[in-house]
Every structure is written in C-alpha cells, then in structure tokens.
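**Q** My questions are about this predicted structure, shown below with the sequence.
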Amino acid sequence: MKERLKIFLCDFVHDYSGMGTFCFPLNIGYLSAYIKKYHEDDVDITLYKYPTPFLEKIKKDRPDLVGFSNYTWNQALNRLVAKNIKLINANIVTVFGGPNFDTDEIGVQQFFNHCGLIPRSSLRLLLV
C-alpha cells in the first residue's frame, strides 16, 4: 500500500477577538473537494481555520504540504505561521494561494522567505 500525501489547508483568521471567526472556510473546502475528486485514494486533507490548534497539531503530526489561503486580513498571520512551520520542520512544503500577493520584488521576496510555492495562475495545474 502506498503512502498517502498528507495535506493541511489553512484559511486562518485572528482568533483573539472573536472577529471573523464564524465564517466557514468555503475556499479551502472547495479546493479540498477538487483535490479529492482526482486524487481521493492518494491524499489525506485536513482543514484549519484557527492558527493555535494548527500549530499544536503540526508539532505532533507532520504534513507533507501546508497550503494557505492568502487575503489582506490574514497575510501577516500566514507568514508568521509559515515561519514557525519551517522552524518545526524545514522539509514541509508551504504553498500560498489566493487573491492577495504583492508582485513587486520586495513583496515576492517576503513570501519566498517562508514559502515553497506561490502559484502565479491556477493552482489546479499543480494538483492534477
């Protein structure tokens, strides 16, 4: 039996004030469903909305890949979590996707400090 790829998908919100924490992570839910449509027997996917349980889990259970949905409101949080992932295990692949990316040289450099991949167009190309 071949080993399944373990993927953690994250749509983080700040959970310290209760703001924005009641939204269902539909974006990563759709992505998870798409991946499973083509690779159901090959992947285990877990969705995360809050960074604290995610960081506790990643210390005990190493994923192969962590994907972040990147928006204006969670960009700094995503980078902080990605930095912590690399401190825990530098071999975990991190991917940022979504609508919020600085395309200038400094913006791209900030992401590549903690990120393995930033899809420029469709993430689907990476997953099929």
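**A** It's in. Numbers count the residues shown, from 1 in each chain.

**Q** Show me what the mean pLDDT comes to for stretch 32-48.
**A** Mean pLDDT, stretch 32-48: 94.

**Q** Start and end of it, how far apart?
**A** 12 Å (C-alpha to C-alpha, to the nearest Å).

**Q** Can you give the contact residues for that stretch?
**A** Contacts to stretch 32-48, defined as C-beta atoms under 8 Å, 6 or more residues apart in numbering, come from residues 2, 4-12, 25, 28-29, 54, 57, 63, 124, 127-128. Every residue, glycine included, has its C-beta placed from N, CA and C.

**Q** rerun that using 10 Å as the cut-off
**A** Here stretch 32-48 makes contact (C-beta atoms under 10 Å, 6 or more residues apart in numbering) with 2-12, 24-25, 27-29, 31, 54-55, 57-58, 61, 63-68, 81, 123-124, 127-128.

**Q** Nice, that's everything, thank you.
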